[in-house]
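1. fold the following for me, if possible:
(one chain, ligands or ions: 3)
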Amino acid sequence: MATPLTSAIMGAVSSPRLAIALAQCGGLSFIHQNNTVEEQAAMVTAVKRHKAGFRFSDINIKPSATLGEVTILLESAERDVAVVTDDGSPHGTFIGLISTDDFHPRRHNLDDDVASRMRPAADLVTAPPTVSLSEANTLIWDNRLDVLPIVDGTGALQSIVLRRDYELHKQFRNESIDAEKRFRVGAGVNTRDYRERIPALVEAGADLLCIDSSDGFSVWQSETIAYVRERYGDRVRIGAGNVVDGRGFRYLADAGADFVKVGIGGGSICITRDQKGIGRGQASALIDVVEARDAYARETGIYVPLCCDGGLITDSHMAVAFALGADFVMLGRYFARCAESPAPIVRVGGQLFKEYWGEGSNRARNVTRYDHGGGTKLTFEEGVDGYVPYAGSLYDNVDTTIVKLKSTLISCGATTIADFHRDAVLVPVSQQSFLQNTAEIQLRDLQSDTAR
Ligand SMILES: NC(=O)C1=CN([C@@H]2O[C@H](COP(=O)(O)OP(=O)(O)OC[C@H]3O[C@@H](n4cnc5c(N)ncnc54)[C@H](O)[C@@H]3O)[C@@H](O)[C@H]2O)C=CC1
Ligand SMILES: O=c1[nH]c(=O)c2[nH+]cn([C@@H]3O[C@H](COP(=O)(O)O)[C@@H](O)[C@H]3O)c2[nH]1
Ligand SMILES: [K+]
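-> Residues are numbered from 1 along each chain as shown. Ligands and ions are numbered 1, 2, ... in the order given. Below is the predicted model:
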């Protein structure tokens, strides 16, 4: 991976759309597993089948929806065009396109239906799924299109090619791709239905697996890893966790985990520490586990990479995680805020937010997690359901984060993460130093400044 960022194994975070965007930036998503085996495998397949330049149609509407509804949809997604399908789904029958150029709120009644103003399929240029990207781009430029719908023989929408992606695609020099040039994608698994889930995910083409649990120091995880080794040897790679101390690390390393994830209770949506009294400060946990990882490498010659998971809010928090010894980080809140995350955008008091909920919240549990495997239903929540400020495009956010992290490494005289582990110097900080960060200064209101 060119970019040491992964997206959290969460329903509000790791969807195919986000996975593709993050792979384009050189990172990796772990598709969440709060669903059936079939649903999760289909999401992995969607990422692996995604041809560069062809995207899922994510802004879709039914012909019977109103112009008012399409206006809200386009505004919140910051797009100009919506695709009209019979059922408003990404793979429904293709009916037409409707853009902000097709109607005006002062000229047209916003209660009229989309069908009354859309450009119908019969008048539009489309292409079959066999079209290559360069042929698609030729059609776009020859016909001056903004959108080229890819429609199969039955009339169902497969994907779309956007004119603006033509420029964007050239920027992706660090893409995470496999030998067949398909995007790389990870998948979360649990310690209950792994005998069904893992084969389905491997079949779908998942590049990396990770056991998704708050408590990795358990016999369930050791059994799950043993199953993978017996069935696949080293062909299938699987991480385990989460742990917060050296003993937990060693247990999973001995069990054969390919990486170990660190962090209990530090996540922005986590309430495990309050609810169960289980967890540990993220830095304390990392320091302990990093020491164990390095000792393990000296003893056995096996370096087990560490993922720092949860509680990383700012780019500087990520820098500290790497300085402490993390090999890569996992982010929930960070990616949930992005346009590409699966959660809806909501407007509260003129501000845009994205919904974000924990995997241990009631909202997540509603799906299947605590019902499968005949397990007992848990009766208390370990996560919250809330809002995070909308942050726009993942591409822009990741770009900025990476520029900052590189700048931090350079300040410490390091050009690789391994150098940074060795050379970064961490010092304790007093409360007084925190206060100095935002010393006594009244910040100028930039917005009213420009208005003037
Ligand atoms: N990193 C963190 O601090 C936290 C993360 N979470 C997230 O919430 C979700 C749920 O996590 P958990 O509740 O830890 O899920 P889990 O599936 O690991 O554990 C749920 C319960 O099932 C038991 N169990 C697991 N495998 C079993 C088996 N084969 N047979 C019988 N019992 C078994 C466990 O001991 C536990 O009591 C995950 O997505 C996790 O990442 C939740 C809380 C904290
Ligand atoms: O106590 C918890 N209750 C939950 O419901 C929950 N859901 C996720 N997670 C964990 O939080 C991580 C994401 O954390 P951030 O949003 O801070 O990046 C994730 O990667 C998980 O490790 C949970 N922890
Ligand atoms: K927390």
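2. list, one by one, the residues from the stretch 101-250 of the chain near ligand 2.
-> The stretch 101-250 of the chain has residues N242 near ligand 2, with proximity defined as Cβ under 6 Å from any ligand atom. The C-beta positions use only the backbone N, C-alpha and C, and glycine is treated the same way.
3. how about the residues of the stretch 101-250 of the chain near ligand 1?
-> Residues of the stretch 101-250 of the chain lying near ligand 1 by Cβ under 6 Å from any ligand atom: 190-192, 212-215, 218, 220, 242.
4. right, and out of these, which lies closest to T126?
-> The closest of these to T126 turns out to be D212 (Cβ to Cβ; 39.6 Å).
5. where does the closest one fall, phi/psi-wise?
-> phi -110, psi 100 (degrees, to the nearest 10).
6. go ahead and confirm it touches T191.
-> No - checked against Cβ atoms under 8 Å, the pair D212 and T191 is beyond contact range at 9.1 Å.
7. of these two, which one has the most company?
-> Between D212 and T191, D212 has the larger neighbour count (other Cβ atoms under 10 Å), namely 25 against 21.
8. show me where the stretch 101-250 of the chain has helices.
-> Remark: helices assigned in the stretch 101-250 of the chain by DSSP state H, counting those that start in this stretch are 133-142, 163-169, 194-204, 219-232, 246-255.
9. out of these, which is the most enclosed?
-> helix 246-255 (a mean of 20; mean count of other Cβ atoms under 10 Å).
10. what's it in contact with?
-> Outside helix 246-255, the residues that touch it by Cβ atoms under 8 Å, 6 or more residues apart in numbering are 216-217, 221-222, 225-226, 240-241, 243, 260, 262, 288-289, 291-293, 295-296, 302, 304, 306.
11. mind running it again at 7 Å?
-> 216-217, 221-222, 225, 240-241, 243, 260, 288-289, 291-293, 296, 304 (Cβ atoms under 7 Å, 6 or more residues apart in numbering).
12. any idea which of those is closest to S433?
-> D288 (24.2 Å).
13. separation between the closest one and R333?
-> 24 Å (Cβ to Cβ, to the nearest Å).
14. between these two, which one's more packed in?
-> Neighbours were counted for D288 and for R333 using other Cβ under 10 Å; R333 has more, 23 against 19.
15. which residues touch the more buried one?
-> Counting by Cβ under 7 Å, 6+ apart, R333 touches 268, 313, 356, 388.
16. the residue of the stretch 251-400 of the chain found nearest ligand 1 - nearest residue in space that isn't next to it in sequence?
-> Among all residues of the stretch 251-400 of the chain, E359 sits closest to ligand 1, at 3.2 Å; criterion: Cβ to the nearest ligand atom. Using Cβ to Cβ, 6 or more residues apart in numbering and skipping residues adjacent in sequence, the residue nearest E359 is M10, 5.3 Å away.
17. checking my notes, the one you found in a helix, right?
-> No - M10 is assigned coil when assessed by DSSP: H, G, I helix; E, B strand; the rest coil, not a helix.
18. V290 reaches F322, doesn't it?
-> No - using Cβ atoms under 7 Å, V290 is not in contact with F322, being 10.8 Å away.
19. out of these two, which sits in the more crowded spot?
-> F322 (23 against 20).
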